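J.: Sequence and predicted structure, then a few things I'm wondering about:
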Amino acid sequence: MVDTAYKQEGKHILHNTGAAHILMRLVPRLKSEELQISLSNSLASCCTQSDYNRMQCCNEGILSTVLDALEAKESLHRKTQERLIVLMEALGSYSINSSQLKRLIGLMRGSDDQSLSPQCLRLMHALSTMARKEGKQGAHHYFDLQDSISGITIPVVRKWPGHGFTFHTWLCLNNTPGFHSGNSVFRGATKPSQYKEWSSIQALTTVNGASPIP
């Protein structure tokens, strides 16, 4: 999944989500409780280490594969289920679609329509956590500009309201070690002009001499 040797305590950038899908599908097939817990811990750690990793997982449908694993509950040990629910919380807080939400609610049902799953309360708490986005401060809507030629195109302003306008936005600059951009590799503190340890900064852009909003 990553370009370097994986270490549980290390910081990794997720490059191969296809491998993450395969490893996630293996979790319910493992008979050993120790192996299930170890693999689910490693997947959860790697997939949620940064906003970039969470974004990659949500874009590539990893959350659906997590739900596939949780639906095979008869093959999962209790601690493995808990770790997968924690991973589901982290990814669901970032992005979840209606079909995934329907499947999550379906996990609360028991063996028949008259009973509830033993994990029902835990899943309800997970759903509440995802709705409140606990511990996840950030925009609900965003643009992901990763490529050197990425940008936003807006329609031509046919009639200016005055001499210009002011554009106000927030930028989030993640300190992402080992992130590849073209032929270059940026490694956090080695390029302080490009990557700084800021959680967010306020950016004001003026056009045609308009004054910034105070």
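T.: Structure's in. What do you need?

J.: What sits closest to the residue nearest to the spatial centre of the chain if chain neighbours are left out?
T.: By Cα atoms, centre = their mean, the mean C-alpha position of the chain lies nearest to residue 54, the distance being 1.8 Å. Ranked by Cβ to Cβ, 6 or more residues apart in numbering and with sequence neighbours excluded, the top spatial neighbour of residue 54 is residue 94, at 4.5 Å. All C-beta spots, glycine's among them, are computed from the backbone N, C-alpha and C.

J.: ok, that neighbour to residue 162 distance?
T.: From residue 94 across to residue 162, the span is 39 Å (Cβ to Cβ, to the nearest Å).

J.: who's more crowded, the two?
T.: Legend: neighbour count by other Cβ atoms under 10 Å for residue 94 and residue 162, higher for residue 94 (19 against 7).

J.: wait, doesn't the more buried one sit right on residue 56?
T.: No. Residue 94 is beyond contact range of residue 56, at 10.4 Å (criterion: Cβ atoms under 8 Å).

J.: From residue 69, how far off is the nearest residue to residue 61 once chain neighbours are set aside?
T.: Excluding the flanking residues, the one nearest residue 61 by Cβ to Cβ, 6+ apart is residue 21, at 7.8 Å. Distance of residue 21 to residue 69, given as Cβ to Cβ: 11 Å.

J.: Find the residues that touch each one of the two.
T.: Taking Cβ atoms under 8 Å, 6 or more residues apart in numbering as the criterion, residue 21 and residue 69 do not both touch any residue.

J.: doesn't residue 169 fall inside a strand?
T.: Yes. Using DSSP: H, G, I helix; E, B strand; the rest coil, the assignment for residue 169 is a strand.

J.: which residues does it bridge with?
T.: residue 203 (DSSP bridges).

J.: quick one: stretch 19-35 to chain centroid distance?
T.: Centroid separation for stretch 19-35 versus its chain: 20 Å, with Cα atoms, centre = their mean, to the nearest Å.

J.: meant to ask about stretch 63-81, not that
T.: 19 Å.

J.: Show me how the chain divides into domains.
T.: 17-132, 147-214 (automatic domain parsing).

J.: Highest mean neighbour count out of those domains?
T.: domain 17-132 (a mean of 17; mean count of other Cβ atoms under 10 Å).

J.: Touching stretch 15-24 from outside, list them.
T.: 1-3, 14, 39, 43, 46-47, 56-57, 60-62, 65-66, 68-69.

J.: Helix or strand for residue 129, just tell me which one.
T.: helix 120-132 (DSSP states H and E).

J.: hey, where'd the strands end up in this protein?
T.: Counting by DSSP state E, the chain has strands at residues 166-171, 179-181, 184-186, 201-206.

J.: Lowest average confidence across these, which one?
T.: Of all the strands of the chain, mean pLDDT reaches its minimum on strand 201-206 (a mean of 35).

J.: For the top helix by length along the chain, the averaged confidence score.
T.: Scanning the chain for the longest helix, with DSSP state H as the assignment, gives helix 78-94. Across helix 78-94, the average pLDDT comes to 92.
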